[in-house]
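Visitor: Make a model of this:
(2 chains)
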Amino acid sequence: MSESGYKLRIAQSLIGRGKVSRRDFIHLGLAAGLTVAASDQIFVTVARAQPQQGGFAKLGMAHGATTDSIDPAGYPDTFTQTAFSGAMSNGLTEVNAKGEIQPDLAESFESSNAAKTWVFKLRKGVTFHNGKTVTAEDVVTSMRYHMGGDTKSAAKSLLESVSDIKADGPETVVFTLNSGNADFPYIMSDYHFVIMPSVDGKADWASGSRTGAFVLENFQPGVSAKLKRNPNFFKNGRPYLDEVEFIAITDLAARMAALSTGEVDYIGRADLKTLGMLKRNPKIEIIEVTGYGHYTLPMNVTMAPFDNPDVRMAMKWAINRQEIADKIFLGHATVANDNPIAPAIKFYKNPVPQHRFDPEKARHYLKKAGMEKLKVDLSVADAAFAGAVDAAALIRETAAQCGIEVNVIREAEDAYWDNIWLKKPWCASYWSGRATADWMFTQAFAAESSWNESFWKNPRFNELLVQARAETDEAKRAAMYGEMQQLTHDDGGSIVLVFNNFVSAKSKKLGHGDIAPNWENDGLKMAERWWIAQA
Amino acid sequence: MRLNSVAKTVLQRLGLGLITLFIVSIIIFSAVAMLPGDFAKATLGQSATPETVAALQHEIGLDRPPVERYFSWVGKMLKGDFGSSFASRTGYRRTVAEIIAPRLYNTIFLAVMTALIAVPLALGLGIVAALYRNSWFDRVVNTVTLTTISFPEFFIAYMLAFLIISRDTFAGTEFAQSLPAWLAISINWTLNVVPKFPTLANINDETPFWDHVWRAALPSITLTLVIVAHMMRMTRAAILNMLSSPYIDMARLKGMGPMVVVVRHALPNAWAPIVTVVAFNLAYLIVGVVIVEVVFVYPGVGQLMVDAVRSRDVPVVQACALVFAAAYILLNLIADIISIATNPRLLHPR
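Guide: Numbering: from 1, shown residues only, chains lettered A, B, ... in the order given. This next block holds a predicted model:
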């Protein structure tokens, strides 16, 4: 390597730290025999790939309503979650880009007593936006806010297994659980469990004083939220941005237009139908991440005909998942296999065989159930997930080829979760997914869960669920979760159609690292993790 | 005597308006009460457990009987208290008034801005079209305005947004490349003459006045295109109607110019129907622009109400509906007064 070539390499590594200007770099490039255009190109590429300080990003969110508030008992959708949980606050733990759990406000955590006792040590010297130091007491009151009979928190059920929380000195919090849970730190990463200052023994959420990378400056519910950099943020160097503004743009076309005209730098949930046109714009980039979210068609296994496992199996073979992924989700979805655990989750194991459209097999299981023909009602509305009604129409066609007549009933979107879900024998449903196999199974498949949407009570499955939760030997756990995934696939009442991809779009000037799969918008933490490339 | 009769009519109308408002309040309350689901279930969504729903319902008073809730609502309303939004929590009160006030300001801002463009434009076009009726000008104006009113407003809104986007992207499209170069260049040039209006009209209470005007430009243009035809055609028709009366022939025979005939003789008698239509369109600007608000993300009352219905924030829904009803009644009342005040026959009853 020539001397100038070597200098160029060094200079490249300095660009990211902002130590070399564009002009100087081009000079070096010319010396190394590059053209002006080529060295400029390298400069821009390298500069964008490295975090840079400063700048103001406008982020268009797909949600936002006038009833939104900064109260962590709520946080119903991506606007509040990304702005108030992700940008403004921290929990004890967080999920990183690889889907692994890591400490956030906690410095470390460890379990004892067969995962029944969890000890979280807090980072030292972290302060709230109002200057108060974070203590174990704040953590205890923040958690208690979601517990007890009179709480209005949507996350109450997540803490049902917690029997006691106490502070052990100013920097240690001890959780005691009713039964062992090796995945408890994952639950602490939920976006509701942000740490708030304790005032007179009560969690003070209304002041908006949290620990996060950004301080709330101006919030107009349903319109926008503006936050500025927290200079005392506890993570070195972060956040990169000086200011962020979250803008509620619920209309799909308006969101696409806002990004195209440069009014915003990022939009969540891009329009799949016009994505091709957006791609033509040289200033815009599409981001696609396969998350944990999935679309299901739960069959109530306590009602005829779904109380017969062979009928359930026939239904599973009578659906063309690939066609649904291609036609309804335009390829922005991954075919699922009646297993709610996403490929990115630890202990994922794909059950065999892959369920696909096979009229022979469907007829075979129907015959096994003692039936020639079958007529079933399928209750759907797009409130379950966008495209549910269309997916049902495709299912009607493929099922008809298997001797199953599916009567698609289009239900009202309003109050769908109240009147249809958990009420009708067969309906459509959506899960945003959970970060661990245990969490997902406990909420949607455990016998006693109020969200067990197929009312499936498989004794072996439930036995394994409790065992695996407290098991600390990784290999044994993997085997147990493998068996459970096979059980939901073979015997379960939920047809898992596809895993949906998070499809968002951004201006090329926004830079970021690997994107976390646990929630949308880089695990809701885009404000803390992303930067603006000045180049 | 004369003033008294006008005052009497106004008072009568005002009284009728209040009775209408009262009936509307009952209709609103029962309509909202009949919606499936409630606030507690809507906010908690999929994650609602019976206990959390009950706790929330109790806090916002949804567990009380509807008749009791209605009277407490109306009672407070009479004292000028619109109540608190269901989004309030202990120690964090959000009154309906403070939620609606900025939104109402934005809506009225947009309505006034649009009216300032649309009403003079419509009147001017209508008068000129009547003057030169059946000319080329008349036909073009009629065709264009009828075309814009025939399209749904969201279509016009999206087309305008598309025009703005095309400023930057047109040259790169396959369509542009398939055109002859001179045509593509001139289209591109034309597109770039259009100012780059923001497609996102999101404003907040910190937005300076002129910035507000600039951001509201596209919604305002859309609404102008939607309402001009109605007002313009009514102006034209009303004037033409007058132009065929004998007293206009008299004025012409006196040697008045056509402009004077229209403005001084025909127009004063044509005000009544025109003002009615203008009031109708202004009312539409306040109560009916929700789609335009959504497309351009303009935070007005329409969007607020749709939001509130979706989350079942009943106090806000009721207050919005009442504000809309009041705006409608008031604007119609003003129209009536103006048509009485400008109509010589009504002003000078024999």
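Visitor: From here on, just use CA atoms for contacts and neighbour counts.
Guide: OK.
Visitor: give me the residue from the stretch 101-250 of chain A nearest chain B.
Guide: Residue of the stretch 101-250 of chain A nearest chain B, by CA to the nearest CA: residue A:152 (5.1 Å).
Visitor: which residues touch that residue?
Guide: A:73, A:146, B:52-53, B:55-56 (CA atoms under 8 Å, 6 or more residues apart in numbering or on different chains).
Visitor: hmm, stretch B:215-233 in reach of chain A?
Guide: No: Stretch B:215-233 lies apart from chain A when judged by CA under 8 Å from any CA of the partner chain; the minimum separation is 11.1 Å.
Visitor: still on that earlier bit, would you mind pointing out the helix or strand the residue of the stretch 101-250 of chain A closest to chain B falls in?
Guide: Using DSSP states H and E, residue A:152 maps to neither a helix nor a strand.
Visitor: In the stretch 1-150 of chain B, what residue spans correspond to helices?
Guide: Using DSSP state H, counting those that start in this stretch, the helices of the stretch 1-150 of chain B run over B:2-34, B:39-44, B:50-60, B:66-78, B:96-131, B:136-150.
Visitor: If you average pLDDT over each of these, which is lowest?
Guide: Mean pLDDT across these is lowest at helix B:39-44; the value there is a mean of 70.
Visitor: which one is the closest residue to chain A within the stretch 251-350 of chain B nearest to, not counting chain neighbours?
Guide: Using CA to the nearest CA, the single residue of the stretch 251-350 of chain B nearest to chain A is residue B:295, 5.5 Å away. Closest residue in space to residue B:295, ignoring its immediate chain neighbours: residue A:254 at 5.5 Å, by CA to CA, 6 or more residues apart in numbering or on different chains.
Visitor: wait, that neighbour sits on residue B:296?
Guide: Yes: using CA atoms under 8 Å, residue A:254 makes contact with residue B:296 at a distance of 6.3 Å.
Visitor: Residues of the stretch 51-200 of chain A that sit close to chain B?
Guide: Close to chain B, as judged by CA under 8 Å from any CA, the stretch 51-200 of chain A has residues A:65-69, A:74, A:76, A:149-155.
Visitor: quick one, phi psi at the residue of the stretch 101-250 of chain A closest to chain B?
Guide: The phi/psi pair for residue A:152 (degrees, to the nearest 10) reads phi -110, psi 20.
Visitor: and it, what pLDDT?
Guide: 80.
Visitor: For the stretch 201-350 of chain B, which segments count as helices?
Guide: B:209-215, B:217-243, B:246-253, B:258-260, B:267-287, B:290-295, B:301-311, B:314-342, B:344-347.
Visitor: quick one: buried residues of the first one?
Guide: The reference is to helix B:209-215. Buried positions in helix B:209-215, judged by neighbour count with 16 or more other CA atoms under 10 Å in any protein chain shown: B:212-213, B:215.
Visitor: who touches that helix?
Guide: Contacts for helix B:209-215 (CA under 8 Å, 6+ apart): B:113, B:197-203.
Visitor: Repeat that for the fifth one.
Guide: Contacts of helix B:267-287 from elsewhere in the structure, counted by CA under 8 Å, 6+ apart, are B:107-108, B:111, B:115, B:119, B:223, B:227, B:230-231, B:234-235, B:238-239, B:242, B:302, B:324, B:327-328, B:331-332, B:334-336, B:338-340, B:342-344.
Visitor: try stretch A:393-413
Guide: Under CA under 8 Å, 6+ apart, the answer for stretch A:393-413 is A:315, A:318-320, A:324, A:357, A:359-360, A:362-363, A:372-383, A:389, A:392, A:420.
Visitor: For that stretch, what is the distance to the chain centroid?
Guide: Mean-position distance between stretch A:393-413 and its chain equals 30 Å (CA atoms, centre = their mean, to the nearest Å).
Visitor: same thing with stretch A:54-66?
Guide: Using CA atoms, centre = their mean, the offset of stretch A:54-66 from its chain centre is 18 Å.
Visitor: Report the set of residues contacting both of residue A:254 and residue B:296.
Guide: B:199-200.
Visitor: neighbour-wise, which of these two wins?
Guide: residue B:296 (28 against 21; other CA atoms under 10 Å in any protein chain shown).
Visitor: Dump the buried residues of helix B:209-215 to a markdown table, plus pLDDT.
Guide: Shown next, in a markdown table, are those (pLDDT from 0 to 100):
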| residue | pLDDT |
| --- | --- |
| B:212 | 91 |
| B:213 | 92 |
| B:215 | 91 |
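Visitor: quick one: which of those residues is nearest to chain A?
Guide: Nearest to chain A, judged by CA to the nearest CA, of the buried residues of helix B:209-215 is residue B:215 at 11.1 Å.
Visitor: deepest of the helices of the stretch 1-150 of chain B, which one?
Guide: helix B:39-44 (a mean of 23; mean count of other CA atoms under 10 Å in any protein chain shown).
Visitor: where along the stretch 251-400 of chain A do the strands fall?
Guide: For the stretch 251-400 of chain A, the strands defined by DSSP state E, counting those that start in this stretch cover A:266-267, A:284-298, A:333-335, A:374-380.
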